[in-house]
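> Sequence below, structure please.
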Amino acid sequence: MSGFGDRLAAARSARGALCVGIDPHPELLEAWGLAATADGLAAFCDICVTAFAGFAMVKPQVAFFESYGSAGYAILERTIAALRAAGVLVLADAKRADIGSTMAAYAKAWVGDSPLAADAVTASPYLGFGALQPLLDLAAERGRGVFVLAATSNPEGAGVQSAVFGGRSVAQAVIHDVAAWNRTQQSGSVGVVVGATRDRLPDLSDVGGPVLVPGIGAQGGRPEALGTFGGAPSNQLWPAVSRAVLRAGPDVAALRAAAERMNTAVAYLVAR
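Purely as a prediction, here's the structure:
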C-alpha cells in the first residue's frame, strides 16, 4: 500500500479538497425523519455513503456511533468498509490518546487490522506527543495517516493550546513535533487539526503534511479564512464540513449537490 500522504494527494487532484463529515447527531436524524436508534443510524449512514461516493475524503464522527454501543460500532465498521469500497479515503474522527500498551491497542484498532481501521485517524497529543509513537509507527508501517489535534475549533481549547511553552505556544510545539516526524518519512502522512474559528493561527508553513480545518459553517468559521491560513501551503489544506452539508439531506441527490457546491467553493479558496 502506498503512503497515506501520496493517496491523499492523488485523491485531491482527482476529486477536490473537501473532507465531508458524517455526523449522525440526534437532531439531524430527527430532521431527516429518522429515529435516534441503531436502525435510524444505519439508514443515515447508507444515505451518506451513496451521496459521498467518489469524494476525496469522508470523516465519520466516531462519538455518534459509540453512543449506540456495539450496534453503533457494527454500523461504523460497515460504513467505513462501504466508503472505502466506493473509492473514498476514510478519516475516523476518534481523537484517541493514551500511553504505552493502551495507545498501541488504539493503534491496532484504528490503523491496524481491525474492522474499524480507516485510512487515517485523529489523535490528541495532550498526553505528550511522544505518547503517540505506537500510533505513528503502526500508521507508517501500514500506509495509513494520523491527524494530530493542534489548535482546535472549540473555544475551551484555546487556554491550553495558546499557553506559551519554551517560547512558543503549546499548539505550535505540537506542529513542530509533527513537522519533525514528517521529515523522517516519505509521504507526509501525518497532519494537524487547526480550527477555522481560531482568532490567531499558528505558523503552518512547514508542517510537511495535511492540515484539517474543521469549524467551517455551523461552528462559525467562514470559508474565506482559507485564503491565507497560517501560511500553510494551499495544497495541504483540507476544509472539513459536516452539518452545513448534511442539512441538505435526506434526499441523496440534494445531499450530493450540497457537497459538490461546497467542494467547488473550497477548491477556489484554497487555490488562491
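> After the helix or strand of the chain with the lowest mean pLDDT, which helix or strand is next? Please name it.
Least confident helix or strand, the chain: strand 164-165 with a mean of 86, by mean pLDDT, DSSP states H and E. Toward the C-terminus, strand 164-165 is succeeded by strand 168-169 as the next helix or strand (DSSP states H and E).
> What strands line up against that following strand, and which way round?
Using DSSP bridges, strand 168-169 pairs in its sheet with strand 164-165 (antiparallel).
> Please enumerate residues in contact with the least confident helix or strand of the chain?
Val170, Ala173 (Cβ atoms under 8 Å, 6 or more residues apart in numbering). No exception for glycine: its C-beta is placed from N, CA and C like everyone else's.
> if you set the cut-off to 10 Å instead, what comes out?
Strand 164-165 is contacted by residues Val170, Ala171, Gln172, Ala173 when judged by Cβ atoms under 10 Å, 6 or more residues apart in numbering.
> With pLDDT added, can I get these in TSV?
Shown next, in TSV, are the contacts of strand 164-165 (pLDDT from 0 to 100):
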residue	pLDDT
Val170	95
Ala171	95
Gln172	97
Ala173	96
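> before we move on, back to that, give me the distance between the least confident helix or strand of the chain and the centre of its chain.
26 Å (Cα atoms, centre = their mean, to the nearest Å).
> And for stretch 102-111?
17 Å.
> Give the buried residues for that stretch.
Met103, Ala104, Tyr106, Ala107, Lys108, Ala109, Trp110, Val111 (16 or more other Cβ atoms under 10 Å).
> Reformat those residues as JSON lines; add secondary structure and pLDDT.
Formatted as JSON lines, the buried residues of stretch 102-111 follow (DSSP: H, G, I helix; E, B strand; the rest coil; pLDDT from 0 to 100):
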{"residue": "Met103", "secondary structure": "helix", "pLDDT": "98"}
{"residue": "Ala104", "secondary structure": "helix", "pLDDT": "98"}
{"residue": "Tyr106", "secondary structure": "helix", "pLDDT": "98"}
{"residue": "Ala107", "secondary structure": "helix", "pLDDT": "98"}
{"residue": "Lys108", "secondary structure": "helix", "pLDDT": "98"}
{"residue": "Ala109", "secondary structure": "helix", "pLDDT": "98"}
{"residue": "Trp110", "secondary structure": "helix", "pLDDT": "98"}
{"residue": "Val111", "secondary structure": "helix", "pLDDT": "98"}
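> which one of those is nearest Gly3?
Of all the buried residues of stretch 102-111, Gly3 sits closest to Val111, with 12.5 Å by Cβ to Cβ.
> show me where pLDDT drops low in the stretch 1-150 of the chain?
Within the stretch 1-150 of the chain, the stretches with pLDDT under 70 are 1.
> could you pull out the strands for this structure?
19-22, 57-60, 89-96, 120-123, 145-151, 164-165, 168-169, 190-194, 211-213, 237-241 (DSSP state E).
> which of the residues in stretch 136-151 are buried?
Using 16+ other Cβ under 10 Å as the test for burial, stretch 136-151 gives 136, 138-140, 142-151.
> meant to ask about stretch 5-13
Gly5, Arg7, Leu8, Ala9, Ala11, Arg12.
> ok, back up a step: could the strands of the chain be laid out in CSV, adding distance to Gly72?
Output for the strands of the chain, formatted as CSV (distance: least, Cβ to Cβ, whole Å):
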stretch, distance to Gly72
strand 19-22, 12
strand 57-60, 11
strand 89-96, 13
strand 120-123, 17
strand 145-151, 22
strand 164-165, 37
strand 168-169, 36
strand 190-194, 23
strand 211-213, 23
strand 237-241, 21
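> just checking, Glu66 touches Ala74?
No: contact criterion Cβ atoms under 10 Å: Glu66 and Ala74 do not qualify, at 11.8 Å.
> of all the strands of the chain, which lies closest to Phe44?
Among the strands of the chain, if distance is taken as Cβ to Cβ, the winner is strand 19-22, at 7.9 Å.
> What strands line up against the closest one, and which way round?
By DSSP bridges, strand 19-22 pairs with strand 57-60 (parallel), strand 237-241 (parallel).
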